[in-house]
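Novice: Sharing a sequence plus its predicted fold:
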Amino acid sequence: MAYSAEKIEEALSAGRSHTLTQRQASAKYSIPRSTLKNKLKGVAGGPTVFSKEEEATFESYVITASAYGFFVDTFDLRGIVKGYADKKGMTVRQFKKNAWKGMGIVIFAKTHDSERKICQRKRAEVGPTVIEEYFQNLGK
């Protein structure tokens, strides 16, 4: 998927204004014709793997860790999701060995605005006091 939302919108505008056919817009912007057709029909992508509640839980893990100064990147988030799926005994066919890869993880981060929340504190700010406080709160 090497096309941006802006390129999709340009291709859709060209199609709506009849400047280009769907086929021409698909070729010009290097966007699959089926994607353009689905966008014009208002059809969303495939079903989500996790419920909104599960995704909210993942986001809360990220925010909590971030609040204690533990920087969480997409690699860490993949680990959180994999651990959750493994613990629940889920086999997610879209993921290789339950590891969430590719654009899905980036889209999740952007959808949940986690990129801003993830970077609330710098790793350098983490000291023994912060770590001790973190583990005390885990016990609550």
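Specialist: Received the coordinates, thanks. Residues are numbered from 1 along each chain as shown.
Novice: got any ranges where this structure has weak pLDDT?
Specialist: 1-2, 44-47, 101-126, 140 (pLDDT under 70).
Novice: Touching, Leu40 and Ser13? I think so.
Specialist: No - here Leu40 lies out of contact with Ser13, judged by CB atoms under 8 Å, at a distance of 11.1 Å. The way it works is simple: take the backbone N, C-alpha and C, and place the C-beta from them, glycine included.
Novice: Quick check: which element contains the closest residue in space to Ala65 that isn't next to it in sequence?
Specialist: Nearest residue to Ala65 in three dimensions, chain neighbours excluded: Val72, at 5.0 Å (CB to CB, 6 or more residues apart in numbering). Per DSSP states H and E: Val72 is located in neither a helix nor a strand.
Novice: shouldn't Val72 be in contact with Ser66?
Specialist: Yes - if you go by CB under 8 Å, Val72 and Ser66 touch, sitting 6.0 Å apart.
Novice: Now Ser30: closest residue in space, sequence neighbours ignored.
Specialist: Spatial nearest neighbour of Ser30, chain neighbours left out: Tyr3 (6.2 Å); criterion: CB to CB, 6+ apart.
Novice: Next, the contact list for that neighbour, please.
Specialist: 29-31 (CB atoms under 8 Å, 6 or more residues apart in numbering).
Novice: Looking at the residues you listed, which is nearest Glu54?
Specialist: Ile31 (30.6 Å; CB to CB).
Novice: Was I right to think the closest one contacts Gln22?
Specialist: No - between Ile31 and Gln22 there is no contact, the gap being 9.9 Å when judged by CB under 8 Å.
Novice: So between the two, which is more surrounded?
Specialist: The residue with more neighbours, out of Ile31 and Gln22 and counting by other CB atoms under 10 Å, is Ile31; that gives 22 against 17.
Novice: check which helix or strand covers the more buried one.
Specialist: Using DSSP H and E, Ile31 falls outside every helix and strand.
Novice: before we move on, what about Val92?
Specialist: Going by DSSP H and E, Val92 is not in any helix or strand.
Novice: roughly how far apart are it and Tyr84?
Specialist: 10 Å (CB to CB, to the nearest Å).
Novice: after the helix or strand harbouring Leu40 comes which helix or strand?
Specialist: Following DSSP H and E, one finds Leu40 within helix 33-41. The helix or strand immediately downstream of helix 33-41 is helix 52-67, counting by DSSP H and E.
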